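Sequence and predicted model, in that order:
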Amino acid sequence: MKKTLSFLVVCSALSASAQTKFAQLDIELPTPNEYRTAAGAPGHNYYQQKADYKMNLTLDDTKQIIRGEEVITYTNNSPDVLEYLWLQLDQNIFKADSDSKLIAVEKMEDFESIKDVERKLMTFEGGFNIEMVATVNGEKMRYAINKTMMRIDPAKPLGPKQSISFKIKWWYNINDRMKFGGRSGYEYFEKEDNYLYTIAQFFPRMCVYNDVEGWQNKQFLGKGEFTLPFGDYEVSITVPSDHIVAGTGELQNGASVMTAEQRSRMDKAKISNTPILIVTQAEAENAEKNKATGTKTWTYKAKNVRDFAFATSRKFMWDAQNTVVKGKNILCMSFYPKEGNPLWERYSTKLVAHTIQTYSKYTIDYTYPVAISVHSNQIGMEYPMICFNGGRPNEDGTYSEQTKYGMWGVIIHEVGHNFFPMIINSDERQWSWMDEGLNTFVQYLTEQEWERGYPSRRGPAAMITDYMRGDQKFISPIMTNSESIWQFGNNAYGKPATALNILRETIMGRELFDFAFKTYCERWKFKHPTPADFFRTMEDASGVDLDWFWRGWFYSTEYVDISLDYVKNFELNSNNPEIEKAENKKAADSRPQFIGDARNKESIKQTVNERDTLIDDFYAKRDIYQVDRLDKKEYEELQSKLTPEQKKILESKKQFYELSFTNKGGLVTPLIIQATFEDGSTKVINIPAEIWKMDDITVTKVLIFDKPVVSFQLDPFLETADCDVNNNAFPPTSKPTRFQLFQQKQGNENPMQRQKRLESGN
Ligand SMILES: [Zn+2]
């Protein structure tokens, strides 16, 4: 692979698509205006609506019904006159004839067992029963229900800067989450006849009205979550008197719902930086057995939140600790039944505090007074200040490593949702990635600060490659509406989290990225950002043109696969005949011999010129490797014309390498090239993605070193999500795969159970 450098012609066909890949996102993004600037910030006339709620709720623990009366005060901060108001009726997804049930694509193979059939035939009288919509004076208001949406028509249109208050009375049957699924509902504990309720999207809630969507009244089909305006909440929840309640906001009447003992424990917890139990396991187990008959009303207030959720059960243990963000105390709490232990008492609240701290560092300071994690079998779901998280050990108190990391991950993730989308309030119904992707990215940072080497499922570039190089039929661009996304988790969580990680580690660098990301968070906290606001801010605050990156990673399904096709090595010709002629001779002597020549040496006993001495002339006799007087003279003349710098270069023995790359996956990407030298030392060269700006299929690059290179490795630190690393090395390398002829049997026993067995001598 070594050649002598005489001259090089770089010739490559220009690719028409390279221009498209680096085109600015002018057509794709909305035109900047007075509400949203071209820099990605809220514009000088940015506005948003406000929705305040006063609610009285009653839980019927015998029939699993929730009843509510709410007064909504809606303030129109827009410059527009609103003839009607739209509200979300998310519970209607549980109606027997809901669209989400009708549009579910099914095949007969979905009905393989009697359980499948049973589930399909199971009926549940779900959905809202709206009993009254009226003005605060009691006059009935006209309304229309369109599946999961309700339109209310005020007597006269609501003008700019005007407010309207109205009352809604409703009830619904709470779904059994373990049977019918859902983000909220109840879990029934049959042995002891107790319920654990996690209640959310449970009341008619105002839709967002803004400059982007008008009314965001796109039907709730199940995947696209909730888009809600900010407001202040005052909520009273009446539950059995032995229930412990966790709700969005600050508890207003601890004195009437908590015992003196619990309140004194809470006082200690509020100044403790480790969790303190407010309700112990023994106390919770006692409540489970002795069911109370009376009721208690828990009252909460929450300011500037976009929603309200709560959990209630007599099974709850409760612990709390304080954490401080920029001088502000934040009460971190967990609520869990004994079934969550030993994991929950040990980890949950510590994870809440750690998440609040880490997210505050990378995004915005957490401004709410509390942050709560509630144990809820199997799911993970987020609401302002409160979230419901899975992670349940086995009944024998052991748990698999997967359960532990699953619980840690889900708590960090759901508590992290306080930032995206509860505070940085993107439109979830339209774009799942804007909250899930950004949240999963900061989740990764938070996990890494929780445990060194934390096996994060999403974030590192190499974890996304299986997905990205998969069957294109089942891959959607990130910029796809929430309802139409193939492979939801990979698309809305994994890929955007990876993309941000690549921006941070490789394309922008940590300093520029962190500043721009924080700028986006600061600009849009307690506001409604769109994808364009994010894309624009990240560029505007960093000075890095990222249009090609958004285009490739967010608008396409292309993937990174760069192959290092060849490496050619060149050395400078010294022009010194003494050196060059000797080199040429060495090269000629070491050239492999043609097989015919070798055989002819034996088979042709004598050629004509060997026999007849008159055949060989000047050319046959001369030694082309001989250095003569004229050669030397010409060399001296050339030397006399060179500057000292030019002489130095010629003597330097520099090594030239021409590397050729092919972009096989389509997605343009920086080239990270590691050269390893003969002496074992290495050097890394980072080439920005713009190397592909004229030709996005093939590029070549010349690298010059002082010493010979033995190998080149592309993407040596696995930072670009290159989907095929087998074509990344020169010379190519291959490692054997160890395969097993006999599969070891794996039982259901987890390693903790195995250890117990080991210790017991069985
Ligand atoms: Zn999430």
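Yes, it's here. Residues are numbered from 1 along each chain as shown.

hey, what's residue 704 bridged with?
Taking DSSP bridges as the rule, residue 704 bridges to residue 656.

Check whether it really touches residue 658, as I assumed.
No - contact criterion C-beta atoms under 8 Å: residue 704 and residue 658 do not qualify, at 10.4 Å. The way it works is simple: take the backbone N, C-alpha and C, and place the C-beta from them, glycine included.

These two - which one has more neighbours?
For the pair residue 704 and residue 658, the greater number of neighbours falls to residue 658 (17 against 11), based on other C-beta atoms under 10 Å.

Centre of the chain to the one helix or strand the more buried one maps to, how far?
Here residue 658, judged by DSSP states H and E, is contained in strand 655-663. Taking C-alpha atoms, centre = their mean, to the nearest Å, the mean C-alpha location of strand 655-663 is offset from the chain mean by 34 Å.

Stretch 17-28 now?
On C-alpha atoms, centre = their mean, the centre of stretch 17-28 falls 24 Å from that of its chain.

Residues in contact with it: which ones?
For stretch 17-28, contacts defined as C-beta atoms under 8 Å, 6 or more residues apart in numbering pick out 535, 547-548, 550-552, 555, 668, 690, 692-697.

Tell me where the stretch 101-250 of the chain has strands.
For the stretch 101-250 of the chain, the strands defined by DSSP state E, counting those that start in this stretch occupy 129-135, 142-146, 149-153, 163-173, 185-189, 194-199, 205-206, 209-210, 214-215, 231-240, 244-247, 250-251.

List the buried residues of stretch 279-293.
Using 16 or more other C-beta atoms under 10 Å as the test for burial, stretch 279-293 gives 279, 281, 283, 284, 287, 288.

Can you give me every residue that contacts the third one?
Think residue 283. Residues in contact with residue 283 (C-beta under 8 Å, 6+ apart) are residue 317.

does it belong to a helix or a strand, and which?
Assigned by DSSP H and E, residue 283 belongs to helix 281-289.

Following element in sequence after that helix, please.
As assigned by DSSP H and E, the chain's next helix or strand after helix 281-289 is strand 295-305.

Which residues outside that following strand are in contact with it?
With C-beta under 8 Å, 6+ apart as the test, strand 295-305 has contacts from 230-241, 243, 245, 247-253, 256-257, 308, 310, 368, 384-385, 422, 526.

How about it, which residues are buried there?
By neighbour count with 16+ other C-beta under 10 Å, strand 295-305 contains the buried residues 296, 297, 298, 299, 300, 302, 305.

what secondary structure does the spatially most central residue of the chain sit in?
Nearest to the geometric centre of the chain sits residue 497, at 2.7 Å (C-alpha atoms, centre = their mean). Under DSSP: H, G, I helix; E, B strand; the rest coil, residue 497 falls in the helix class.

Please name the residues that touch it.
When contacts are counted by C-beta under 8 Å, 6+ apart, residue 497 is found next to 437, 438, 440, 441, 443, 444, 458, 459.

And the second one, what's its pLDDT?
Put plainly, it is residue 438. With respect to pLDDT, residue 438 scores 98.

Surely it is in a helix?
Yes - judged by three-state DSSP, residue 438 forms part of a helix.

where does the spatially closest residue to it that is not a sequence neighbour fall, phi/psi-wise?
Distances taken as C-beta to C-beta, 6 or more residues apart in numbering place residue 420 nearest to residue 438, at 4.7 Å, with adjacent residues excluded. Per-residue torsions, residue 420: phi -120, psi 110 (degrees, to the nearest 10).

Could you point out the helix or strand that follows the lowest-mean-pLDDT helix or strand in the chain?
None of the helices or strands of the chain scores lower by mean pLDDT, DSSP states H and E than strand 2-5, at a mean of 47. Using DSSP H and E, the helix or strand that follows strand 2-5 towards the C-terminus is helix 16-21.

buried stuff in that following helix?
For helix 16-21, the neighbour count (16+ other C-beta under 10 Å) marks 18, 21 as buried.

Toward the C-terminus from that helix, list the very next helix or strand.
That would be, after helix 16-21 and using DSSP H and E, strand 50-60.

For the next helix or strand after that next one, output the C-alpha coordinates as PDB.
Per DSSP H and E, the first helix or strand lying C-terminal to strand 50-60 is strand 65-75. Written as PDB, here are the backbone C-alpha positions of strand 65-75 (Å, rounded to 0.1, in the frame of the first residue of the first chain):
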ATOM      1  CA  ILE A  65     -66.400   5.600  41.000                       C
ATOM      2  CA  ILE A  66     -65.100   9.100  41.100                       C
ATOM      3  CA  ARG A  67     -67.400  12.100  41.100                       C
ATOM      4  CA  GLY A  68     -66.300  15.600  40.600                       C
ATOM      5  CA  GLU A  69     -67.500  19.200  40.400                       C
ATOM      6  CA  GLU A  70     -65.200  21.700  39.000                       C
ATOM      7  CA  VAL A  71     -65.200  25.400  38.400                       C
ATOM      8  CA  ILE A  72     -63.000  26.500  35.500                       C
ATOM      9  CA  THR A  73     -61.900  30.100  35.100                       C
ATOM     10  CA  TYR A  74     -60.600  30.500  31.600                       C
ATOM     11  CA  THR A  75     -58.700  33.600  30.600                       C
END
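
partners of strand 65-75 in the sheet?
Strand 65-75 pairs in its sheet with strand 50-60 (antiparallel), strand 163-173 (antiparallel), by DSSP bridges.

Could you give the separation of it from the chain centroid?
Mean-position distance between strand 65-75 and its chain equals 35 Å (C-alpha atoms, centre = their mean).

The helix or strand following it pairs with which strands, parallel or anti?
Beyond strand 65-75 in the direction of the C-terminus, DSSP H and E gives the next helix or strand as strand 85-88. In the sheet, strand 85-88 lines up against strand 149-153 (antiparallel), strand 205-206 (antiparallel) (DSSP bridges).

Now do the helices in the stretch 301-450 of the chain.
Using DSSP state H, counting those that start in this stretch, the helices found in the stretch 301-450 of the chain span residues 343-362, 401-416, 432-450.

In CSV, list the strands of the stretch 101-250 of the chain along with distance to residue 576 and mean neighbour count.
Shown next, in CSV, are these (distance: least, C-beta to C-beta, whole Å; neighbours: other C-beta atoms under 10 Å):
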stretch, distance to residue 576, mean neighbour count
strand 129-135, 96, 15
strand 142-146, 88, 13
strand 149-153, 86, 19
strand 163-173, 91, 18
strand 185-189, 86, 20
strand 194-199, 83, 24
strand 205-206, 85, 22
strand 209-210, 76, 24
strand 214-215, 79, 16
strand 231-240, 84, 21
strand 244-247, 84, 25
strand 250-251, 86, 17
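
Quick one: closest of these to residue 652.
strand 209-210 (64.0 Å; C-beta to C-beta).

just to revisit the earlier point, which one of the strands of the stretch 101-250 of the chain lies closest to residue 721?
Distance to residue 721, taken as C-beta to C-beta, is lowest for strand 209-210 among those, at 34.4 Å.

contact partners of that closest one?
35, 47-49, 76, 78, 80, 82, 86, 215-216, 229, 528.
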